[in-house]
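In: generate a structure from the sequence data that follows.
(chains A, B and C)
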Amino acid sequence: MPEVETIKLQIKEEIKGKKIESVKVILDKPLKNTTTEEFKQRVEGTFVKDVKRRAKILIIELSTGDSLLIHLKLTGRLLYLKPEEPIEKHTHLVFNLSDGKQLRFWDLRQFGYVKIVSGKPEEAPELRELGPEALELGLDEFRRLLAGKRSGKIKPLLMNQNFIAGIGNIYSDEMLFYAGIQPTRDVTTLTDGEIVKLHEGIKKILSAAVRYKGSSVDDYVDLYGEQGDFVMYHKVYRRTGKPCEKCGTPIKRIKLAGRSAHFCPKCQV
DNA sequence: GTCGATGTTATCAA
DNA sequence: TTTGATAACATCGA
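Out: The predicted structure is shown next:
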């Protein structure tokens, strides 16, 4: 989410109010929702009314009442470039803007999408079931949400977008380290003190990560191709075998719900 | 060459 | 209802 939020702020700054003159579709796979023809027909000639984010999905509201929903998944990029810049491999869509520049959708693994929805975007199926935004989550609401669970491990639950929206693999590891809770911990065993600390961790980790423009662990770059700086502050994510900054114990990595989870076996109970 | 890993999530089986 | 595996895909490093 901090990566998407970074791009949202930058895109809003650059393209709000501008016209999308034309669209070039190099690969139509990201257009899960429409044919190339329909996509071009509905997007070309529209103005960008506003740019928003919900969970990890970018919302570009168009002057026609339609919205673009853009999900970058693991390796998607949005880049703002001059037309004379060479088209890099893995560039799938090019939006030509009225300022003479281009917004390009690049995606190495091709998991990302650009869909069009009409009407209120929050009522689109992609957004309808999402939980509360992580950065807007109140402590009491967090307590209530947790109290509603009968079982389950804390890390996969934190990453469940229908439970809370916006927490991914990196940040779930970091906030659990902050709170001193093991990723495998059953949610029903959390003390109120731990819940308070975890809630604090959600806010602190995510807002710091947004401040540092996200984590460039592999392919992620922002709208201008710049890396995010938050990796410097990772305490556990991808630090397997390195000493815990608090106690020196080597950081452990396990597999959990198909994802890797990193933690300090001594600091996290 | 092979295997496992990679920031996500929809889908299907158990 | 919940959870766990798998798939979608390209690339990199061991």
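
In: for the nearest residue to A:G119 once chain neighbours are set aside, give its distance to A:R77.
Out: The spatially closest residue to A:G119, leaving aside those adjacent along the chain, is A:G65, at 6.8 Å (Cβ to Cβ, 6 or more residues apart in numbering). For glycine as for every other residue, the C-beta is placed from the backbone atoms N, C-alpha and C. Per Cβ to Cβ, to the nearest Å, A:G65 is found 28 Å from A:R77.

In: neighbour-wise, which of the two wins?
Out: Shown here are A:G65 and A:R77; by other Cβ atoms under 10 Å, A:R77 has more neighbours (22 against 12).

In: which residues sit against the helix or strand harbouring that one?
Out: For A:R77, the host element (DSSP states H and E) is strand A:76-81. Here strand A:76-81 makes contact (Cβ atoms under 8 Å, 6 or more residues apart in numbering) with A:7, A:10-11, A:14-15, A:58, A:70, A:72, A:101-107, A:111-112, A:219-221, A:223-225.

In: buried stuff in that strand?
Out: Across strand A:76-81, burial judged by 16 or more other Cβ atoms under 10 Å covers A:76-81.

In: residues in chain A within reach of DNA strand B, list them.
Out: Residues of chain A lying close to DNA strand B (Cβ under 7 Å from any atom of the strand) are A:3, A:55-57, A:71, A:73-75, A:111, A:126, A:159, A:161, A:168-170, A:214-220, A:255, A:258-260.

In: what subset of those residues is buried?
Out: Here, 16+ other Cβ under 10 Å leaves A:3, A:55-57, A:71, A:75, A:126, A:159, A:161, A:168-170, A:214-217, A:220 buried among the residues of chain A next to DNA strand B.

In: just the residues you listed: which are in helices?
Out: Among these, the members found in helices (DSSP state H) are A:3, A:126, A:159, A:169-170.

In: pick out the most distant pair among those residues.
Out: Farthest-apart pair in those is A:E126 and A:I170; separation 22.2 Å (Cβ to Cβ).

In: in stretch A:205-214, what's buried?
Out: Of all the residues in stretch A:205-214, those buried under the rule 16+ other Cβ under 10 Å are A:205-206, A:209-210, A:212-214.

In: also stretch A:99-114?
Out: Under the neighbour-count criterion of 16+ other Cβ under 10 Å, stretch A:99-114 has A:101-107, A:112-114 buried.

In: pull the contacting residues for the residue nearest to A:V210 when sequence neighbours are not counted.
Out: Excluding its sequence neighbours, the residue lying closest to A:V210 (Cβ to Cβ, 6+ apart) is A:P2, at 4.5 Å. Contact partners of A:P2, counting by Cβ under 8 Å, 6+ apart, are A:171, A:206, A:209-210, A:212-215, A:228, A:230.

In: now, among the ones in helices among the buried ones among the residues of chain A next to DNA strand B, which is nearest to DNA strand B?
Out: Among those, A:N169 lies closest to DNA strand B (Cβ to the nearest atom of the strand), at 3.4 Å.

In: name the nearest residue to the closest one, ignoring sequence neighbours.
Out: In this structure, A:N169 finds its nearest non-sequential neighbour in A:R259, 5.2 Å apart by Cβ to Cβ, 6+ apart.

In: then A:L62?
Out: Counting by Cβ to Cβ, 6+ apart, the nearest residue to A:L62 once its immediate chain neighbours are dropped is A:T46, at 4.2 Å.

In: wait, that neighbour sits on A:D66?
Out: Yes - shown here, A:T46 and A:D66 form a contact pair, counting by Cβ atoms under 8 Å, at 7.4 Å.

In: mind putting the ones in helices among the buried ones among the residues of chain A next to DNA strand B in JSON lines, distance to DNA strand C included?
Out: Below are these laid out as JSON lines (distance: Cβ to the nearest atom of the strand, whole Å):
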{"residue": "A:E3", "distance to DNA strand C": "17"}
{"residue": "A:E126", "distance to DNA strand C": "15"}
{"residue": "A:M159", "distance to DNA strand C": "11"}
{"residue": "A:N169", "distance to DNA strand C": "12"}
{"residue": "A:I170", "distance to DNA strand C": "16"}
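
In: perfect, I'm done here.
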